[in-house]
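Participant: how does the following fold in three dimensions:
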Amino acid sequence: GTENELRELKIWDLPVVIPFQEDIRNGKVVAEALRSGVELNVLSHFLNIDDLAVVHPKNQTRQQRAEIILGTLRQLGKPFDFNFDIETNDRIICSELIYLAYADIQWPTLNALGRHTVSPSHIAEKVGDEGPFEISALFIRGEMITTDKQNKFKVLK
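Facilitator: Model (predicted):
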């Protein structure tokens, strides 16, 4: 979130936010887990991809939103987890960032090679009528997708 959004949530001056205030003021409002580690980036850096689904939790309270932001900020600076192991929190992968931020959700996981992991597909399983998240924007191969009256996705021309 932006400085104004964090102020509205009354978390701007909390100790976990203070080290990142300058980055946030400079437009770094997206937390990412990259090969270089968990960091804040500007939206244009994050959007340098072909496919993207923007999802939001359904019925989220202000307090829940604040807790999710604070929990995410606590992950900043951690290295990337090349073992893809969600049972250790000292290293993080992209989907694990969501897994940890929304810890109250029962996420599907996979035991692979003796490690428990969560993938972007596991996150996507929680989107839709039965899940706690809904899609607010969808881009496939760089093209924005919209829905028709029957709620079916179609390419927006």
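Participant: got the contact list for the residue nearest the centre of the chain?
Facilitator: Nearest to the mean C-alpha position of the chain, by CA atoms, centre = their mean, lies Ile98 at 4.9 Å. Counting by CB atoms under 8 Å, 6 or more residues apart in numbering, Ile98 touches Val118, Ile123. Glycine gets a C-beta too; all of them are placed from N, C-alpha and C.
Participant: go on, Asp90?
Facilitator: With contacts defined as CB under 8 Å, 6+ apart, the neighbours of Asp90 are Lys78, Pro79.
Participant: surely Gly131 and His122 touch.
Facilitator: No: judged on CB atoms under 8 Å, Gly131 makes no contact with His122 at a distance of 11.2 Å.
Participant: between these two, what contacts are shared?
Facilitator: Jointly contacting Gly131 and His122 under the rule CB under 8 Å, 6+ apart is no residue at all.
Participant: quick revisit: you'd agree the residue nearest to the centre of the chain is in a helix?
Facilitator: Yes: checked against DSSP: H, G, I helix; E, B strand; the rest coil, Ile98 lies within a helix.
Participant: and it, what's its pLDDT?
Facilitator: Reading off the confidence values, Ile98 has pLDDT 94.
Participant: next one: the one 4 residues further on
Facilitator: Per-residue confidence (pLDDT) for Tyr102: 93.
Participant: and if you look at the one 3 residues further on?
Facilitator: Reading off the per-residue confidence, Ile105 sits at a pLDDT of 92.
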